[in-house]
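Enquirer: I would like the atomic coordinates for the input below:
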Amino acid sequence: MSLDAVRNGVQEIDERIIDLIMERQRLAAQIARLKQENDLPIRDEAQRRIVLDRVFTYAVESRIDPVAVRRVFEILIEMNEERQRECSGDGNLP
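Expert: Presented below is the predicted three-dimensional model:
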């Protein structure tokens, strides 16, 4: 397999990752609505810990750097919280 072919494969994976992030953001909007209906705060420390612990464990089981994976998910959670703020009228997303 050529270098270009492998790079094309990486590009396809990158695009799928972006699609999954977009889907995660769509779900964040639904979460925002449900939190508003139930008068819940956007930031949920307990849920944040659950997610970060779960992805850390899965990364260990998958033999991928769990610290790096945790950092990626910290960013994803921050993105989702910002999306929720935006849906609530408090964010600064476009």
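Enquirer: and the most centrally placed residue in the chain, what helix or strand is that in?
Expert: When the chain is reduced to its mean C-alpha position, the closest residue under CA atoms, centre = their mean turns out to be L76, at 3.1 Å. Assigned by DSSP states H and E, L76 falls within helix 66-87.
Enquirer: Check which residues of that helix are buried.
Expert: Of the residues in helix 66-87, those buried by neighbour count under the rule 16 or more other CB atoms under 10 Å are 66, 69, 73, 76-77, 80-87. Every C-beta, even on glycine, is put in place using the N, C-alpha and C of the backbone.
Enquirer: on that earlier part again, ok, now which ones touch the residue nearest to the centre of the chain?
Expert: When contacts are counted by CB atoms under 8 Å, 6 or more residues apart in numbering, L76 touches I21, R24.
Enquirer: How about A29?
Expert: For A29, the contact set (CB under 8 Å, 6+ apart) comprises R83, Q84, C87.
Enquirer: from those residues, which is closest to I31?
Expert: Of all the contacts of A29, I31 sits closest to Q84, with 6.2 Å by CB to CB.
Enquirer: need the contact list for the closest residue to that closest one other than its chain neighbours.
Expert: Nearest-residue entry for Q84: A32, 3.8 Å, with adjacent residues in sequence omitted and distances by CB to CB, 6 or more residues apart in numbering. Applying CB under 8 Å, 6+ apart, we find A32 in contact with I42, R83, Q84, R85, C87, S88.
Enquirer: Do I have it right that the fourth one meets P41?
Expert: When you say that, I think you mean R85. No. Checked against CB atoms under 8 Å, the pair R85 and P41 is beyond contact range at 10.7 Å.
Enquirer: Buried residues, the longest helix along the chain. List them.
Expert: With DSSP state H applied, the helix covering the greatest number of residues in the chain is identified as helix 3-37. Along helix 3-37, the positions that meet the burial threshold by neighbour count (16+ other CB under 10 Å) are Q25, A28, I31, A32, K35.
Enquirer: now the following helix or strand past that helix: mean pLDDT?
Expert: Using DSSP H and E, the helix or strand that follows helix 3-37 towards the C-terminus is helix 45-61. This predicted structure assigns helix 45-61 an average pLDDT of 98.
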